[in-house]
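Trainee: Here is the input, now give the coordinates:
(2 chains)
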Amino acid sequence: VFSWPRGGGGSDEFEATALPHLDALYRSALRLTHNRAEAEDLVQETYLKAFKGFHRFNPGTNCRAWLFTILRNTFLNRVRGAGRVVSMADTVTGEGEISATREPTVPDNPEEEFFQTVLHGDVDRALRTLPVVFREAVVLTDLEGMSYREAAEVLGCPIGTVMSRLSRGRLLLRRALADFAREHGYSREAE
Amino acid sequence: MTCDELRARLHPYVDGELGVDETLDADEHAARCPRCAALVESERRFRRLLRRQPREAAPPELRAQIVAGIRRAARRATIRRWAPLPVAAAAVLLLFALLPASRNGDVLVAQLVDTHIAFAQIDDPAEFRSTDRAEVARWLRQRAELPVPVPDYSGAGIRLVGARLAEVRERPAAYVLYQKGYVLLSVFVAPGSADEAALRGERVSYRGHDYVVRQQKGYRTVAWTDGRMVFGLVSMLDYEALLECADRLRAERATAMRA
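Mentor: This is a model prediction of the structure:
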């Protein structure tokens, strides 16, 4: 069987530059779509678009932010195009995973007790309760470790906007997590 | 810095996004205000909690699919966006007209490859040097007594250099020379039927036309016959480029025959 020569068309440089960000893009796609199949599809489309637009990418600039911007725009186009709300299918985290993420206690700050009872999956569950604008600010900065500037580039908004969305997003997330923690507590008491 | 001022900057402060002056001011305030210090510490812990979330990797199948998709797109792009072909090298297009047709396609292609390699080693292989397609076609028509198509590949950065006559299998041949960097590309043409051509190799279809492709001595060949002429391309360029060249050659010839 005839096979095409590898690496034709200049995909090598793109693969070397863009593929290292696949895991981060996939995680964020999961948090945007809440659905594995949709997330995979979204990431695939993102990479194809990025490859086709790679001649517009300025080498030496932030490839991750560039890819996240494409991911985000692709997601938004899909949501708008389909005229539907984002699928809320609960498939992001394996249900039933209960290994607790433990934080040291801060005795003189009872507000923080819930940190100990945050379970795997709780953060993603809590994120889902956030409006998208706050969710994406938290995901990019807190979960993917982007700077405000980088997140602003992806979100296409001023740095000050990232800051305010992040503050609000973290507050909402804390409240949601505290609620879950109380649920865990009640369920333990009921046993 | 006051409590209110610190609270207004709480998030950029814990994220290390404040300027040096403001950071030092905030440090100073937190050092003497236990309530603000607790707030800052609580926010830092929360931030660490988020950062410590499991970082799931993409499934290996997804990675494989993406790589395959990119490479498919790369191949299509090479053909479609012919112009920005990332070949930093020369393309020499040799157009041979063989009189009469070869009886052994396999030997023919092997000999075309050898001829191509031989010409590739000549500093200035063009016997008739011209960048004018009409002039080159006229020269070949006079010398080889064949209507030889001279396609325009300038959109791909492949420029016409000239033409020359050669001998392949002890018969006169003609070729057109193009250059792009240092990559070489030869297209051969011989009058003759498909049976006489007996080309060997893998059969592929491109834009509705059938070609026979094979690789030897590091050069790729694409050959075909239209019933009256046998054509062959030899090059280190990839198959996409060769097939696109072939397609344009076909189009050029079809136009010439209608005229």
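
Trainee: Tell me which helix or strand residue 163 sits in.
Mentor: I'll assume chain A. Residue A:163 is part of helix A:159-190 when elements are defined by DSSP states H and E.

Trainee: think we crossed wires, I meant chain B
Mentor: Using DSSP H and E, residue B:163 falls in strand B:159-168.

Trainee: Show me the helices in chain A, by range?
Mentor: For chain A, the helices defined by DSSP state H cover A:11-18, A:22-33, A:36-52, A:63-82, A:122-128, A:132-138, A:148-155, A:159-190.

Trainee: Which strands or helices does the fourth one pack on?
Mentor: The helices and strands touching helix A:63-82, judged by 3 or more Cβ pairs under 8 Å, 6 or more residues apart in numbering or on different chains; DSSP states H and E, are helix A:11-18, helix A:22-33, helix A:36-52, helix A:148-155. Placement of C-beta: from N, CA and C, glycine included.

Trainee: ranking those by burial, who's on top?
Mentor: Among the helices and strands packed on helix A:63-82, helix A:22-33 has the highest mean neighbour count (mean count of other Cβ atoms under 10 Å in any protein chain shown), at a mean of 23.

Trainee: quick one: it to helix A:11-18, angle?
Mentor: 70 degrees (axes from the mean of the first three to the mean of the last three Cα atoms, to 10 degrees).

Trainee: Rounded mean pLDDT for helix A:22-33, please.
Mentor: Regarding helix A:22-33, the rounded mean pLDDT is 91.

Trainee: can it be found next to chain B?
Mentor: Yes - interface with chain B: helix A:22-33 contributes A:22-23, A:25-27, A:30 (Cβ under 8 Å from any Cβ of the partner chain).

Trainee: Show me what that helix packs onto, helices and strands only.
Mentor: On a contact count with 3+ Cβ pairs under 8 Å, 6+ apart, helix A:22-33 meets helix A:36-52, helix A:63-82, helix A:132-138, helix B:60-80.

Trainee: Report the buried residues of the second one.
Mentor: Put plainly, it is helix A:63-82. By neighbour count on 16 or more other Cβ atoms under 10 Å in any protein chain shown, the buried set for helix A:63-82 is A:63-72, A:74-75, A:78-79.

Trainee: How about the third one?
Mentor: Of the residues in helix A:132-138, those with enough neighbours to count as buried (16+ other Cβ under 10 Å) are A:134-138.

Trainee: Considering only those residues, which also neighbour chain B?
Mentor: residue A:138.

Trainee: export the buried residues of helix A:132-138 to TSV and tack on pLDDT?
Mentor: Converted to TSV, these look like this (pLDDT from 0 to 100):
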residue	pLDDT
A:134	92
A:135	91
A:136	91
A:137	94
A:138	93
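
Trainee: how many other residues sit next to residue B:207?
Mentor: Using other Cβ atoms under 10 Å in any protein chain shown, residue B:207 has 11 neighbouring residues.

Trainee: Which pLDDT value goes with it?
Mentor: With respect to pLDDT, residue B:207 scores 88.

Trainee: Do I have it right that it meets residue B:247?
Mentor: Yes - when contacts are counted by Cβ atoms under 8 Å, residue B:207 is listed as touching residue B:247 (5.3 Å).

Trainee: Enumerate the residues of the stretch 51-200 of chain B near chain A.
Mentor: Residues of the stretch 51-200 of chain B found near chain A (Cβ under 8 Å from any Cβ) are B:51-59, B:62-63, B:65-67, B:69-71, B:73-78, B:84, B:86.

Trainee: Buried only: go through those residues for me.
Mentor: If we count by 16+ other Cβ under 10 Å, these have these buried: B:53, B:58, B:62-63, B:65-66, B:69-71, B:73-75, B:77-78, B:86.

Trainee: At the geometric centre of chain A, which residue sits there?
Mentor: Residue closest to the average C-alpha location in chain A (Cα atoms, centre = their mean): residue A:28, at 2.7 Å.

Trainee: Skipping its backbone neighbours, what lies nearest it in space?
Mentor: Leaving aside its chain neighbours, residue A:28 sits nearest to residue A:139 (5.7 Å; criterion: Cβ to Cβ, 6 or more residues apart in numbering or on different chains).

Trainee: what does residue A:23 give?
Mentor: Spatial nearest neighbour of residue A:23, excluding adjacent residues (Cβ to Cβ, 6+ apart): residue B:57 at 4.7 Å.

Trainee: Quick check: that neighbour touching residue A:26?
Mentor: Yes - between residue B:57 and residue A:26 there is a contact under Cβ under 8 Å: 7.5 Å.

Trainee: Is it correct that residue B:210 is in contact with residue B:222?
Mentor: No - in this structure, residue B:210 is not within contact of residue B:222 by Cβ under 8 Å, at 10.8 Å.

Trainee: Settle it for me: which of these two has more neighbours?
Mentor: Counted by other Cβ under 10 Å, residue B:210 and residue B:222 do not tie: residue B:222 has more neighbours, with 27 against 10.

Trainee: ok, the helix or strand harbouring that one: who's next to it in the sheet?
Mentor: Element membership for residue B:222, per DSSP H and E: strand B:219-225. Applying DSSP bridges, strand B:219-225 is found paired with strand B:209-216 (antiparallel), strand B:229-235 (antiparallel).
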